[in-house]
Structures are given as C-alpha cells and as structure tokens.
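Participant: I need the structure of the sequence given here:
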Amino acid sequence: MLAPAKINLWLNVLGRRADGYHLLDSLVAFTDLADVIEAAPSDRLSLTVEGPFAATLNGEGDNLVLKAARLLADRAGISPRVALRLHKNIPVAAGLGGGSADAAAVLRLLTEQWRVALPVEELFDLAARLGADVPMCLAGRAALVSGVGERLAPAPPLPPCTILLVNPGNPLPTSQVFAKRQGAFSPARTPRLWRNAASFAAVLAEYGNDLTDAAVALRPEIAQVLAFLGTSEGVLHAAMSGSGATCFALYEDFPLAERAAAGVPAQWWRYVGKLVAGDP
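Facilitator: Predicted structure coming up:
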C-alpha cells in the first residue's frame, strides 16, 4: 500500500482554538514520492522499518503506524495480529506528512485485510483521532483544507506540473514551528481559480505559507533552499511545504526540474517527481 507524500501548496493560519489547535486554510496535493506499507498475518502486532529514512525512526517506540493498527482493531473488536513493514522513503519531520500518510495507508490496508465493514464517516473519524493531517491523507486527493485539517473540499483541477522537493537535512517538528509563529492571523478568503500553470503559480504566490518565517527562524538554511529554488531556470513557483523544512518548486516539464535538481548541493536531499491531483 502506497503512502504518498503530502504537499501544502499554500498554507494560511486563520486563528487558534481554545484547545491550542490552529485553524488553517490550505491547498493540499500529493506527489509520487511515497512510503510503502505491507502487512502479513502474525500472532502479534509488530513493525519493521527499512528504507532511506528508517534510521530516523529508530528508538521511536510507538509511532502512528502502530497507533493506527491498534485503533482500527479496537474499533473492530479484534486483536491486532499483524506484522507491518514500512519502507520509509519520505523524510521525517519534513513538512511532507509522512507519518500521517503512513497512518492513513495502514487504515486502508487493514480495513481490507481484516474485512472491517466501517462507514466512510467512521473511518475518517478514526483518522482524525490520529492527527489533523491523517484525514486528508486518507482521502488521497487534492483538496481545499479548512478547520484544523479535518474539513476537506474537492480542489479545482490542478495543471500538470513537475515538482522538485529539496530538504536541507534537518528535521523540524511541527509543534516548534507553530510555537514560533508570530504576528496577525490571515483572513479567510475565497480561493481564486486558475486557468493554466502560470495563473496557478500566481495564486500560490499570492496565498503563500504563513509558517515560513517561523521555520526559517528555527532553520535558517530553509532560506537558502528557497533562494536556490526561486532562481532556478523555468521555475513557476517555489515555497515551503507545511511546517518545513522541505521546500518545493514547480516546473512545466521534467527536464527543467531535472536540471535544477542537478545543481542542488550534495548535502541537501532532493526528489524530482509528479504533482498528483488524485489518488496515485
């Protein structure tokens, strides 16, 4: 089961609830970069992690993958007897929703394997209990996101784009970025429509990412990544995704993105792929 990386193409913070959760306005899409989740019958619940970013999860005794499996089993009234294997391709604490994508993939996978008959609304309720980003990852489609992340509306069709992802290599916990954010909240707005890739980029630039300044204050190298991407040949738009530290740049074709990727400093992680509007 694929767990695609999530991209916040814009992210505005509209306010903060009494419980501390922030109210958001965001356009979310996905890429063809994905973790992979596999499941096999077992006499107990277990998780094996492998892949390029497996080491970053070492010592994490209870992650969202295990929590998702236990939550679904509890709802179904069964014992979570399954051996899970996670191939970790998405950087951790990178603004790409990797943990949330993994949890959503586990819910989908085990609902099928355990033959759990749940109304869609209940499955999304379970997802929301795991985290604000899990419902949008469970939906797996480009969406206009509001509330604390639980309200999803279909996004207008996205123009075909190639995406270059770049991360300077330092994890950046979401909670730290929100705690660092200062200034007024953004006003709620009705999204403008786009006609093509150029007008799409103009809308993204207008809305921006309200967490960028806070993330740069915590990880100054993000500013270097944005400067590099923003001046690359043929770039339509460059911004930070989510709470960072991963940044992205959009291009109309793959060769332009590949040429930009070739100039990325060796110490930075990079990935060239597709911006995916629907479930990959």
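Participant: Distance of the residue lying closest to residue 48 once chain neighbours are set aside relative to residue 108?
Facilitator: Excluding the flanking residues, the one nearest residue 48 by Cβ to Cβ, 6 or more residues apart in numbering is residue 85, at 4.8 Å. Quick note: C-beta positions are derived from backbone N, CA and C, even for glycine. To residue 108, residue 85 is 16 Å away according to Cβ to Cβ, to the nearest Å.
Participant: With residue 50 instead?
Facilitator: According to Cβ to Cβ, residue 50 stands 20 Å off from residue 108.
Participant: if we can go back for a sec, of residue 85 and residue 108, who's got more company?
Facilitator: When neighbours are counted by other Cβ atoms under 10 Å, residue 85 and residue 108 differ, and residue 108 comes out ahead with 21 against 16.
Participant: Quick check: residue 10 touching residue 210?
Facilitator: No - with contact defined as Cβ atoms under 8 Å, residue 10 does not count as touching residue 210 (9.0 Å).
Participant: Show me the shaky parts of the stretch 51-200 of the chain.
Facilitator: Residue ranges of the stretch 51-200 of the chain with pLDDT under 70: 59-61.
Participant: Quick check: closest non-adjacent residue to residue 207.
Facilitator: Counting by Cβ to Cβ, 6+ apart, residue 10 is the residue found nearest to residue 207 once chain neighbours are left out, at 3.6 Å.
Participant: and what of residue 271?
Facilitator: Counting by Cβ to Cβ, 6+ apart, residue 165 is the residue found nearest to residue 271 once chain neighbours are left out, at 4.4 Å.
Participant: same deal with residue 67?
Facilitator: In this structure, residue 67 finds its nearest non-sequential neighbour in residue 130, 6.1 Å apart by Cβ to Cβ, 6+ apart.
Participant: residues touching that neighbour, list them.
Facilitator: Residues near residue 130 by Cβ atoms under 8 Å, 6 or more residues apart in numbering: 64, 67-68, 71, 100, 103.
Participant: Compute the distance between it and residue 51, please.
Facilitator: Separation of residue 130 from residue 51 (Cβ to Cβ) stands at 21 Å.
Participant: buried stuff in stretch 202-221?
Facilitator: By neighbour count on 16 or more other Cβ atoms under 10 Å, the buried set for stretch 202-221 is 203-204, 207, 209-216, 218-219, 221.
Participant: quick one: which of those sit in helices?
Facilitator: Counted as lying in helices by DSSP state H, out of the buried residues of stretch 202-221, are 203-204, 207, 212-216, 218, 221.
Participant: Before I go, just wanted to say thanks for your time.
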